[in-house]
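Trainee: Here is a sequence together with a model predicted from it:
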Amino acid sequence: MSNIIELKNITYKYSTGTPFESVAVDDVTLEVEKGEFCGIIGHTGSGKSTLIQHINGLVKPTLGEVYVDGENIWSKDTDIRQVRFKAGLVFQYSEYQLFEETVYKDISYGPKNMGLKAEEIDRRVRFAAKSMGIDDSLLERSPFDLSGGQKRRVALAGVIAMEPEILILDEPAAGLDPIGRENVLGLISEYHKQNGTTILLVSHSMEDIVKYAQKVLVMNKGKIFCHAPTDEVFSRQDEIIKIGLDVPQITRVMMRLRAKGIDLGTDIYTVERAKQRILEYKENKNNA
Ligand SMILES: Nc1ncnc2c1ncn2[C@@H]1O[C@H](COP(=O)(O)OP(=O)(O)O)[C@@H](O)[C@H]1O
Ligand SMILES: [Mg+2]
């Protein structure tokens, strides 16, 4: 089976049976292929965080079934701890969870919990630190001495050190400055290329998502608005704007041009592709 994640008709309600009952995820069915880099976008409150927390069993659906690697994670025979090792979740503002005296100890916390041997733990700590651009010289430092971006990357390394098959990242670049954002997202993208890990990355920035993800999942009011390759998602750009989400700046420029009668295509979301289409357009005009 090539789907590493299957959610079948998942509904999640907070505060069930109280006057505050609210549906955060509403009858969602989703299939994610092994090795996919899926960017998840949607308004605040659209259910992104609640949805992704189903995949490692942090929340249990009110209704529906969750399969990871073909296994129903809530069946009696499944060890939920193993599911958590398989699907590593990095929370939003994950650096608040750093607590050890040294960076090394913090990163080794996960693999230690897995009961691995000291040698293997050491290999993983160094591998994870390197993957997240943490220099060896920082490993014996206190995490609290590091910059915001470094702390964030240490927190990510802590989950990467468990070498999960699925890496779930909730707004990994939130609150960082533009250089810090590029840095952390670039490292995640490189990690994906090198290791082929399935990645689910929540972001509120469409620009970031189109730059790094292969597929885009748009959440809207607890439902999946779409989950498709980036090109396809942007062919529905008018609808995306209608539900109040942003499209990349360059896509807006192309929409303006189309309104003026110059249609270069609805699948343009990078400056590079825009450039290519403009040059083709000029070429055709010159030949006409
Ligand atoms: N712990 C909670 N208790 C009650 N309601 C919650 C809780 N967490 C989230 N919600 C509600 O669930 C809905 C989805 O929230 P969330 O999954 O955090 O969305 P997102 O990550 O897209 O911002 C929102 O209406 C939110 O108010
Ligand atoms: Mg959230």
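Mentor: Received the coordinates, thanks. Quick caveat: nothing in here was measured; it's all calculated off a predicted structure. Ligands and ions are numbered 1, 2, ... in the order given.
Trainee: For ligand 2, see how far away residue 151 is.
Mentor: 20 Å (C-beta to the ion, to the nearest Å). Any C-beta I mention is one placed from the backbone N, CA and C, and that applies to glycine too.
Trainee: Quick check, that residue in contact with residue 95.
Mentor: Yes: judged on C-beta atoms under 8 Å, residue 151 makes contact with residue 95 at a distance of 3.8 Å.
Trainee: Now the common contact residues for these two.
Mentor: residue 143 (C-beta atoms under 8 Å, 6 or more residues apart in numbering).
Trainee: Run a quick neighbour tally on residue 239.
Mentor: 14 (other C-beta atoms under 10 Å).
Trainee: Residues touching stretch 252-272, excluding its own?
Mentor: 206, 210-211, 230-231, 234-235, 237, 247-248, 250-251, 273-274, 277-278, 281.
Trainee: Can I get it in PDB, CA atoms only?
Mentor: The C-alpha trace of stretch 252-272 is given here as PDB (Å, rounded to 0.1, in the frame of the first residue of the first chain):
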ATOM      1  CA  ARG A 252      -2.200  37.900  -8.200                       C
ATOM      2  CA  VAL A 253      -0.100  39.700 -10.800                       C
ATOM      3  CA  MET A 254      -1.000  37.000 -13.300                       C
ATOM      4  CA  MET A 255      -4.700  37.300 -12.400                       C
ATOM      5  CA  ARG A 256      -4.500  41.100 -13.100                       C
ATOM      6  CA  LEU A 257      -2.900  40.400 -16.500                       C
ATOM      7  CA  ARG A 258      -5.600  37.900 -17.300                       C
ATOM      8  CA  ALA A 259      -8.200  40.500 -16.500                       C
ATOM      9  CA  LYS A 260      -6.500  42.700 -19.100                       C
ATOM     10  CA  GLY A 261      -6.700  39.900 -21.700                       C
ATOM     11  CA  ILE A 262      -3.200  38.400 -21.300                       C
ATOM     12  CA  ASP A 263      -3.600  34.900 -20.100                       C
ATOM     13  CA  LEU A 264      -0.400  33.200 -19.200                       C
ATOM     14  CA  GLY A 265      -2.000  30.300 -17.400                       C
ATOM     15  CA  THR A 266      -3.600  29.600 -14.000                       C
ATOM     16  CA  ASP A 267      -0.800  27.500 -12.700                       C
ATOM     17  CA  ILE A 268       1.700  30.300 -11.900                       C
ATOM     18  CA  TYR A 269       2.800  30.700  -8.300                       C
ATOM     19  CA  THR A 270       6.500  31.200  -8.600                       C
ATOM     20  CA  VAL A 271       8.400  34.100 -10.100                       C
ATOM     21  CA  GLU A 272      10.500  31.600 -12.000                       C
END
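Trainee: mind listing what's buried in that stretch?
Mentor: Buried residues in stretch 252-272, counted by 16 or more other C-beta atoms under 10 Å: 254, 255, 257, 264, 266, 267, 268, 269.
Trainee: re earlier: and the contacts of stretch 252-272, which are buried?
Mentor: Here, 16+ other C-beta under 10 Å leaves 206, 210-211, 230, 234, 237, 247-248, 250-251, 273-274, 277 buried among the contacts of stretch 252-272.
Trainee: got the residues you listed as a markdown table, with secondary structure and pLDDT columns?
Mentor: Converted to a markdown table, these look like this (DSSP: H, G, I helix; E, B strand; the rest coil; pLDDT from 0 to 100):
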| residue | secondary structure | pLDDT |
| --- | --- | --- |
| 206 | helix | 90 |
| 210 | helix | 90 |
| 211 | helix | 90 |
| 230 | helix | 89 |
| 234 | helix | 84 |
| 237 | helix | 88 |
| 247 | coil | 90 |
| 248 | coil | 91 |
| 250 | helix | 93 |
| 251 | helix | 93 |
| 273 | helix | 94 |
| 274 | helix | 95 |
| 277 | helix | 96 |
